[in-house]
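Undergrad: got a structure for you, letters missing:
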C-alpha cells in the first residue's frame with residue numbers, strides 16, 4: 001500500500017512540474033505578444049504623430065469617400081493612413097494565428113472593405129510584396145471569392 005501512495009505522490013509531483021512548465025511557456029508566449037504589440041504601437045504612434053498632426057484626417061477621408069479630388073499632400077496622408085490600417089489588420093491576423101489574440105477578425109470582411117474603398121485597394125495592391133504571406137494569402141483568397 002505504501003508503494004502505491006509513493007507512486008501516486010511521484011506522479012502528482014511530475015504532473016505539477018509539467019503543468020508549471022506549460023504555464024511558463026504560455027506566459028512566455030503572452031509576453032512576446034505584448035512586446036510585439038508595444039513595438040507596433042510605438043511605430044504606429046510615430047507615423048501617426050508625424051503624418052497626421054497638421055492635417056484634418058477626417059476631412060481627407062470624407063473627400064476620398066465622396067470621390068472628391070485630393071491634393072498631393074492629402075493623397076500622401078490617405079495612402080499612409082490606409083497602409084497603417086492594413087498593417088493593423090495584418091498584426092491582428094498574425095497574432096490571432098499564433099493563438100495569442102482573441103479576435104473577431106474576418107478576412108472576408110476586410111476584403112469587402114478593400115473592394116468598397118478603391119484607395120485602400122490601391123495601397124493593398126501597391127504594397128503586395130511587404131505583407132506577410134499567411135495574411136496576404138488569406139486576404140487574396142477572400143478577394144478572389146468576391147470577384
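TA: Received, thanks. Everything numeric here is computed off the predicted structure, so don't read it as measured data. Numbers count the residues shown, from 1 in each chain.
Undergrad: buried sites along stretch 106-117?
TA: Neighbour counts using 16 or more other Cβ atoms under 10 Å place 107, 110-111, 113-114, 117 of stretch 106-117 among the buried residues. Any C-beta I mention is one placed from the backbone N, CA and C, and that applies to glycine too.
Undergrad: and it, how far out from the chain middle?
TA: Computed by Cα atoms, centre = their mean, to the nearest Å, the separation of stretch 106-117 from the middle of its chain amounts to 15 Å.
Undergrad: any idea of the mean pLDDT in it?
TA: For stretch 106-117, mean pLDDT rounds to 91.
Undergrad: and the contacts of it?
TA: Under the criterion Cβ atoms under 8 Å, 6 or more residues apart in numbering, residues 64-65, 82, 89, 93, 120-121, 124, 138-139, 141-143, 145-146 lie in contact with stretch 106-117.
Undergrad: just give me the closest of the buried residues of stretch 106-117 to residue 99.
TA: Nearest to residue 99 among the buried residues of stretch 106-117: residue 107, at 17.0 Å, using Cβ to Cβ.
Undergrad: helix or strand for residue 14, which one?
TA: Per DSSP states H and E: residue 14 is located in helix 2-52.
Undergrad: what packs against that helix?
TA: Helix 2-52 sits against helix 72-97, with contacts defined as 3 or more Cβ pairs under 8 Å, 6 or more residues apart in numbering; DSSP states H and E.
Undergrad: in the helix it packs on, which residues are buried?
TA: Quick answer for helix 72-97 (16+ other Cβ under 10 Å): 74, 77-87, 89-95.
Undergrad: immediately after it, which helix or strand?
TA: Per DSSP H and E, the first helix or strand lying C-terminal to helix 72-97 is helix 107-116.
Undergrad: that next one: what's the following helix or strand?
TA: helix 118-126.
Undergrad: list the buried residues for the helix or strand following that next one?
TA: Counting by DSSP H and E, the next helix or strand C-terminal to helix 118-126 is helix 133-146. Residues 135-136, 138-139, 142-143 are the ones in helix 133-146 that count as buried (16+ other Cβ under 10 Å).
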